[in-house]
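J.: Coordinates for the following, if possible.
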Amino acid sequence: MDKVDDEFEVAAMQVRTVGSLLGGAADELRDLQRQLQALLDEAAGHGWASRRAGTRR
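T.: Now for the predicted structure:
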């Protein structure tokens, strides 16, 4: 029974680690998204249209 308890404890620790890593990755993605949006806004301010529009202003 101790072996089963140990395995559950290891699994729980792994889940916490993965959760922490995913949370950090999500934070980094949000930061990158904000940086990209700032760059796109700056480019638009200099006359560049969105690539989706396929044109340059």
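
J.: residue boundaries of the strands in the protein?
T.: Secondary structure of the chain, counting by DSSP state E: no strands present.

J.: Helices along that one, start to end?
T.: 2-45 (DSSP state H).

J.: Next one, pLDDT for residue 52 please.
T.: The model reports residue 52 with a pLDDT of 58.

J.: now swap in the one 4 residues further on and tell me
T.: We note a pLDDT of 50 for residue 56 in this prediction.

J.: Return the backbone torsion pair for residue 47.
T.: Listed backbone geometry of residue 47 is phi 100, psi 10, with angles given as degrees, to the nearest 10.

J.: Residue 40 - how many residues pack around it?
T.: Residue 40 is flanked by 13 other residues according to other Cβ atoms under 10 Å. Any C-beta I mention is one placed from the backbone N, CA and C, and that applies to glycine too.

J.: Please report how far it lies from residue 48.
T.: In this structure, residue 40 and residue 48 are separated by 9 Å, where distance is defined by Cβ to Cβ, to the nearest Å.

J.: again, but for residue 35
T.: As defined by Cβ to Cβ, residue 35 lies at a distance of 17 Å from residue 48.

J.: When these two are compared, which one has more neighbours?
T.: residue 48 (14 against 10).

J.: Show the pLDDT at that one.
T.: According to the predicted model, the pLDDT of residue 48 comes to 82.

J.: Begin at 773, not 1, for the rest of this chat.
T.: All right, first residue 773 from here; so that's residue 820.

J.: Phi and psi next, for it.
T.: Geometry field for residue 820 lists phi and psi as phi -90, psi 130, criterion degrees, to the nearest 10.

J.: how much space between the residue nearest to the spatial centre of the chain and residue 774?
T.: Among the residues of the chain, the one closest to the centroid is residue 801, at 2.6 Å (Cα atoms, centre = their mean). Residue 801 sits at a distance of 41 Å from residue 774 (criterion: Cβ to Cβ).

J.: Then residue 810?
T.: Summarising the geometry, the distance separating residue 810 from residue 774, computed by Cβ to Cβ, is 54 Å.
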